[in-house]
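Trainee: Got a predicted model here, sequence first, then my questions.
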Amino acid sequence: MKQINFEGLSFQEINFTQKQEKDEYQAMCQGLYADDATEHALNPAHALRTLQALEENPYLGKIMMFWSQKNIVGYAYLANFWSNEWGGNVLHIDEIFVKESYRGKGITKSFFEWLDNTYKNPQKNDIFFAKAYALEVSPKNPKAQKLYEKLGFVKKYYNYMIKV
């Protein structure tokens, strides 16, 4: 699954046989959670566990690597869930990260265009056709909020709760 969208930009599932891709993913995860825009740090073992879980159980989701030329410039972790509220599959963008030196170049916008072509194609009739996208954004990250709003996301005021 590879599609060129933007000046040499491509999006493809992580190749679990490539150590470089797994190492880059783990480093970018640390970068995402070290950023001031996140609410908490990431235990490095969790990123490794995610890699192992997705490699062994692809139905849990996928990691999409963002490539510009021959460089990995970002990633997104995608997971599906079924929603009565939205009437079908919701594609949850659990994490999205673009390396700092590549930000502001349209990569995230191009990624969502790719998602629309891949997951919201009305010609597709399978259960992975996305009725909606969902993501979380920290109130500490107004630039990301503004970008997502430009891309058509709207705020829903639910209290996301978790018990660990």
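Mentor: Alright, I've got the coordinates.

Trainee: hey, let's count contacts and neighbours off CA atoms from now on
Mentor: Fine.

Trainee: Which residue, neighbours along the chain excluded, lies closest to Ala144?
Mentor: With sequence-adjacent residues excluded and distances taken as C-alpha to C-alpha, 6 or more residues apart in numbering, Ala144 is closest to Val137, at 7.1 Å.

Trainee: in what helix or strand does that neighbour lie?
Mentor: Val137 belongs to no helix or strand when elements are defined using DSSP states H and E.

Trainee: just Phe97 next, same as before
Mentor: Using DSSP H and E, Phe97 maps to strand 88-98.

Trainee: and that strand, what does it pack onto?
Mentor: Using 3 or more C-alpha pairs under 8 Å, 6 or more residues apart in numbering; DSSP states H and E, the elements in contact with strand 88-98 are helix 19-34, strand 71-83, strand 130-135.

Trainee: Just put those in TSV and tack on mean neighbour count and distance to Tyr119.
Mentor: Converted to TSV, these look like this (neighbours: other C-alpha atoms under 10 Å; distance: least, C-alpha to C-alpha, whole Å):
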stretch	mean neighbour count	distance to Tyr119
helix 19-34	17	23
strand 71-83	18	11
strand 130-135	18	5
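
Trainee: Leu48: which of those is closest?
Mentor: helix 19-34 (7.0 Å; C-alpha to C-alpha).

Trainee: and of the helices and strands packed on strand 88-98, who's closest to Phe97?
Mentor: Among the helices and strands packed on strand 88-98, strand 71-83 sits nearest to Phe97 (C-alpha to C-alpha), with 5.2 Å.

Trainee: That closest one pairs with which strands, and in what direction?
Mentor: Strands that pair with strand 71-83, judged by DSSP bridges, come out as strand 62-68 (antiparallel), strand 88-98 (antiparallel).

Trainee: and the angle for that strand with strand 130-135?
Mentor: Interaxial angle of strand 71-83 relative to strand 130-135 (axes from the mean of the first three to the mean of the last three C-alpha atoms, to 10 degrees): 120 degrees.

Trainee: Pull the residues that contact strand 71-83.
Mentor: Applying C-alpha atoms under 8 Å, 6 or more residues apart in numbering, the external contacts of strand 71-83 come out as 21, 24-25, 28, 60-67, 88-99, 102, 128.

Trainee: Please name the nearest non-neighbouring residue to the residue nearest the centre of the chain.
Mentor: Residue closest to the average C-alpha location in the chain (C-alpha atoms, centre = their mean): Ala76, at 2.5 Å. Excluding the flanking residues, the one nearest Ala76 by C-alpha to C-alpha, 6+ apart is Ile96, at 4.2 Å.
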